[in-house]
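Student: Sequence first, predicted model second:
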Amino acid sequence: MVLTILHQRYISFEPKFHRKQPLYSIKALTFGGPVTIVYGWPIIGLMTLIVGLAMAEICSAYPTSAGLYYWSAKLAGNKFGPFASWITGWFNIVGQWAVTTSIDFSLAQLVQVMILLSTGGLNGGGYKASKYVVIALHGGILLLHATLNSLPISWLSFIGQLAAAWNVLGVFLLMILIPLVATERTSAKFVFTNFNTDNGDGINNNLYIFVLGLLMSQYTLTGYDASAHMTEETKSADKNGPKGIVSAIGISVLAGWAYILGITFAVTDIPHLLNKKNDSGGYAIAQIFYDVFKSRYGSGVGGIVCLGVIAVAVFFCGMSSLTSNSRMAYAFSRDGAMPYSLFWHKVNKQEVPLNAVWASAFIAFCMALTSLGSLVAFQAMTSIATIGLYIAYALPILFRVTLARKSFTPGPFNLGSYGLIVGWIAILWVALISVLFSLPVAYPITEQTLNYTPVAVGGLVILVVSSWIFSARHWFKGPITNIGSSSEEA
């Protein structure tokens, strides 16, 4: 998970934004360059940790796989609980599906770039896969993830431990190896003071450029609610669930900054890395690795191997994301909130919600299919991955500091008298990034450069609220989870 976050921090999945080609680039280099990369990461990391701490306190009080929407139901009280639960749950699950789509589609594109470089690169007659091949790779990755998630929880636990070890070792390997192999390194002055304003997107305001560069950090630091959704399969969930949330953020932030510094010292030619006619076809992080090894040894094979280290980490991350998706779908359907709930909340003899696993994989595949017809539609779809999830994160925190301000009973992990302060800071931060993510990212604004995030999120709000008004309010009474035993289950 850590290495995946760092990889996506240093490169950006461009359909998340505005460009016409589904390529990768160092978005933070485009918007602000090294200054945004080096100083932006700890800023976003600190604010994300504040959001995580507020969530962890609530998780300790209500450890259940229903997670966020159960928290909202309990904190909003009997009168508003069912509606709070409904809107939180749908934002959470749709956001999770979008995250899985984004992770696995990004992995498919990474594999495509590795194949391109392995066969000679764009300038050496290498094989560049079509969008149909990429979507087929995406489907194959989801198939593998669904198969692995059909295994008993003991197997998933082992794979999770393997993934954690791979991420930690991978981070330290790459942060040391890339600068060490590089024949040319940039200066410390460049790394800590260079501010790139040449973005090619018609944006000239320095503050605006810095803000857009920061957003890539926020985009990658999501998904840490997974610990909450696995609490019913976790021992001492009221303690270990919150620890999982906080540690996931903390480790990613600390290791991430070291990794970012190491890689940035290998950046010597920003225009070359962002050029879509380079060997990687514009996939900048791949170009860095490829160039570093080619300049030292005359061959970029070592760089491709390093990309393989990242690919495995992304694979593990996608598998974990699908695990979280399926547990959320299982819990939400167990409480009758999803269509055909009786089918989706069934579990097998190993207590694995197979139907929810395969349904989540299928939905993630369908969301990616929009890229075949319209990248604009795909951009709108994946934009929900960040804003949708952070709205779901913020809602229970909002109810905690307002409606449940006096009635909230904290669990073993709590913030004491700082709980309300941390909660309000978290809410204000989510409100701020929701606005920032809706800003235009290119000028002049056209149908291809328009930021469709507010359209996508607004559409989701309309669908969720309308379904409540016209249907769900008559039959959905909120979660029915028996939280009393959740913390004792293995």
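Tutor: Everything's here; your move. All values derive from a computational prediction rather than experimental measurement. Numbering: from 1, shown residues only.

Student: can you tell me which residues contact residue 413?
Tutor: Residue 413 makes contact with 56-57, 59-60, 238-239, 242-243 under the criterion CB atoms under 8 Å, 6 or more residues apart in numbering. All C-beta atoms are positioned from the backbone trio N, CA, C, and that covers glycine.

Student: May I have the secondary structure class of it?
Tutor: What DSSP: H, G, I helix; E, B strand; the rest coil gives for residue 413 is coil.

Student: pretty sure residue 51 contacts residue 391?
Tutor: No. Using CB atoms under 8 Å, residue 51 is not in contact with residue 391; the gap is 11.6 Å.

Student: still on that earlier bit, so which of the contacts of residue 413 comes closest to residue 165?
Tutor: Nearest to residue 165 out of the contacts of residue 413 is residue 243 (CB to CB; 18.2 Å).

Student: Apart from its neighbours in sequence, what residue is nearest the closest one?
Tutor: Excluding the flanking residues, the one nearest residue 243 by CB to CB, 6 or more residues apart in numbering is residue 413, at 7.2 Å.

Student: Next: residue 58.
Tutor: With CB to CB, 6+ apart as the criterion, residue 58 has its nearest non-adjacent residue at 4.9 Å, and that residue is residue 71.

Student: mind checking pLDDT for that neighbour?
Tutor: Note on residue 71: pLDDT of 92.

Student: likewise residue 19?
Tutor: For residue 19, pLDDT reads 29.

Student: Please enumerate the strands of the stretch 101-250 of the chain.
Tutor: For the stretch 101-250 of the chain, no strands are identified by DSSP state E, counting those that start in this stretch.

Student: picking that back up, the residue nearest to residue 243 and residue 52, how far apart?
Tutor: 12 Å (CB to CB, to the nearest Å).

Student: and the residue nearest to residue 243, what are its phi and psi?
Tutor: Dihedral pair for residue 413: phi -100, psi 110, per degrees, to the nearest 10.

Student: what does residue 32 give?
Tutor: phi 110, psi -30.

Student: can you pull the contacts of it?
Tutor: By CB under 8 Å, 6+ apart, residue 32 lies in contact with 40, 195-196, 209-210, 212-213.

Student: Return the subset of the residues you listed lying in helices.
Tutor: Cross-referencing the contacts of residue 32 against helices under DSSP state H gives 40, 209-210, 212-213.

Student: just the residues you listed now: which is nearest residue 154?
Tutor: residue 40 (39.8 Å).

Student: And the pLDDT for that closest one?
Tutor: So, for residue 40, pLDDT stands at 88.

Student: Check the one 4 residues further on too.
Tutor: What the model reports for residue 44 is a pLDDT of 91.

Student: center of the chain, which residue is that?
Tutor: By CA atoms, centre = their mean, the chain has its centre lying nearest to residue 222, at 4.2 Å.

Student: Dihedrals phi and psi, that one?
Tutor: In terms of degrees, to the nearest 10, the main-chain angles of residue 222 are phi -140, psi 170.

Student: There's contact between it and residue 385 in this structure, I believe.
Tutor: Yes. Look at residue 222 against residue 385 with CB under 8 Å: they come within range, at 6.8 Å.

Student: okay, and the common contacts of the two?
Tutor: Joint contacts of residue 222 and residue 385 (CB under 8 Å, 6+ apart) are 95, 99.

Student: Check what contacts stretch 86-99 and list those residues.
Tutor: Applying CB under 8 Å, 6+ apart, the contact partners of stretch 86-99 are 66-69, 71-72, 222-223, 225, 321, 324-325, 328-329, 332, 337, 360, 363-364, 367, 381-389, 391-392, 395-396, 460, 464-465, 468, 472, 476.

Student: When you filter these down to buried only, what's left?
Tutor: Those of those that meet the buried threshold are 66-69, 71-72, 222-223, 225, 321, 324-325, 328-329, 332, 337, 360, 363-364, 367, 381-389, 391-392, 395-396, 460, 464, 468, 472, 476, by 16 or more other CB atoms under 10 Å.

Student: In helices only, show me those residues.
Tutor: Of those, the ones assigned to helices by DSSP H are 68-69, 71-72, 321, 324-325, 328-329, 332, 360, 363-364, 367, 381-389, 391-392, 395-396, 460, 464, 468.

Student: Quick check: the residue of the chain most remote from its centre vs residue 183, distance?
Tutor: Residue farthest from the centre of the chain, counting by CA atoms, centre = their mean, is residue 298 at 35.7 Å. From residue 298 across to residue 183, the span is 11 Å (CB to CB).

Student: Alright, that wraps it up for me.
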